[in-house]
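Asker: take this sequence and fold it.
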Amino acid sequence: MGTRTSDLVCRLVVGIAVFCVAVVLPLAAMADIDVSGAACATLPDCEDVNPCTADTCVDGSCSNERNPGLEGIECELDRLEDVDVCGAELLHVKFRAALTKKAAKARKLARKAAEATKAEKFTKLVTRAGKTLQAIMKKATKFAGRNKMTNDCKTTVEQHMEIILRLLSELRPMQRPAGANRRGSGRVACLHRRIASV
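Answerer: Numbering: from 1, shown residues only. Okay, here's the model as predicted:
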């Protein structure tokens, strides 16, 4: 499996939390089929074998948009927890246990963040979810360093993490009813403008 140069992925979450992840991305990762932009006649022509994307054929061209928000985060976490996430390589039993525990925690925090209406609470929840996901990456690095996981498998886990962290950084708090706590709503709008300027 070929690789390209390591990318430093940084995501600003609600103007406060910053996640920076060094990721070496495989050229043919996770066995997905890249058909975005390819010519198509029918929808099956645009199937990319990725359950976390919406495949469409519009005007003879394929589009495979990743599912956004909480739906996308949960779908990617499901993929990460798949038994065959690293293909034929089985995850070490201790890594699998840690992954299951932390993925469940991240999922719970992301759900709470998606339901939060206060900017401060939302930010804390997203930050905690991000740190939980980063802990999975550190665990993968540790296991690979001890030859309990191949570097290819570690790279696959890292790529999944980069995708989930990106989706997490794009998550937004639940909109308040019109006129409710306008001061808090203004704060969230201000923080979103800061994100857009990055």
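
Asker: chain center to the helix ranked longest in the chain, what's the gap?
Answerer: Determined from DSSP state H, the single longest helix within the chain is helix 119-145. Averaging C-alpha positions (CA atoms, centre = their mean, to the nearest Å) puts helix 119-145 11 Å from its chain's average.

Asker: distance of the nearest residue to Lys148 once chain neighbours are set aside relative to Asn67?
Answerer: Leaving aside its chain neighbours, Lys148 sits nearest to His92 (4.7 Å; criterion: CB to CB, 6 or more residues apart in numbering). C-beta coordinates here come from the backbone N, C-alpha and C atoms, glycine included. The gap separating His92 from Asn67 is 29 Å, by CB to CB, to the nearest Å.

Asker: same check on Lys112?
Answerer: Lys112 is 19 Å from Asn67, by CB to CB.

Asker: circling back to that earlier point, the longest helix of the chain: which residues count as buried?
Answerer: For helix 119-145, a neighbour-count test (16 or more other CB atoms under 10 Å) marks 119, 122-130, 132-134, 136-137, 139-140, 143-144 as buried.

Asker: same question, stretch 100-119
Answerer: 102-103, 106-107, 109-110, 112-114, 116-119.

Asker: rebuild those residues as TSV, extending it with pLDDT, secondary structure and distance to Ser61.
Answerer: Listed next are those as TSV, based on pLDDT from 0 to 100; DSSP: H, G, I helix; E, B strand; the rest coil; distance: CB to CB, whole Å:
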residue	pLDDT	secondary structure	distance to Ser61
Lys102	96	helix	39
Ala103	96	helix	35
Ala106	96	helix	35
Arg107	96	helix	34
Leu109	96	helix	37
Ala110	95	helix	32
Lys112	95	helix	38
Ala113	95	helix	35
Ala114	93	helix	32
Ala116	93	coil	38
Thr117	90	coil	39
Lys118	91	coil	42
Ala119	90	helix	39
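
Asker: low-confidence stretches in this structure?
Answerer: 1-32, 175-198 (pLDDT under 70).

Asker: what about 90?
Answerer: 1-40, 42-51, 53, 58, 63-66, 82-84, 171-198 (pLDDT under 90).

Asker: would you confirm that Phe143 contacts Ala97?
Answerer: No - with contact defined as CB atoms under 8 Å, Phe143 does not count as touching Ala97 (11.9 Å).

Asker: please enumerate the strands of the protein.
Answerer: 7-13, 17-23, 53-58, 61-66 (DSSP state E).

Asker: what residue is smack in the middle of this protein?
Answerer: Ile164 (0.9 Å; CA atoms, centre = their mean).

Asker: tell me the contacts of the spatially closest residue to that residue that is not a sequence neighbour?
Answerer: Counting by CB to CB, 6+ apart, Glu76 is the residue found nearest to Ile164 once chain neighbours are left out, at 4.8 Å. Contact partners of Glu76, counting by CB atoms under 8 Å, 6 or more residues apart in numbering, are Cys52, His160, Ile163, Ile164, Leu167.
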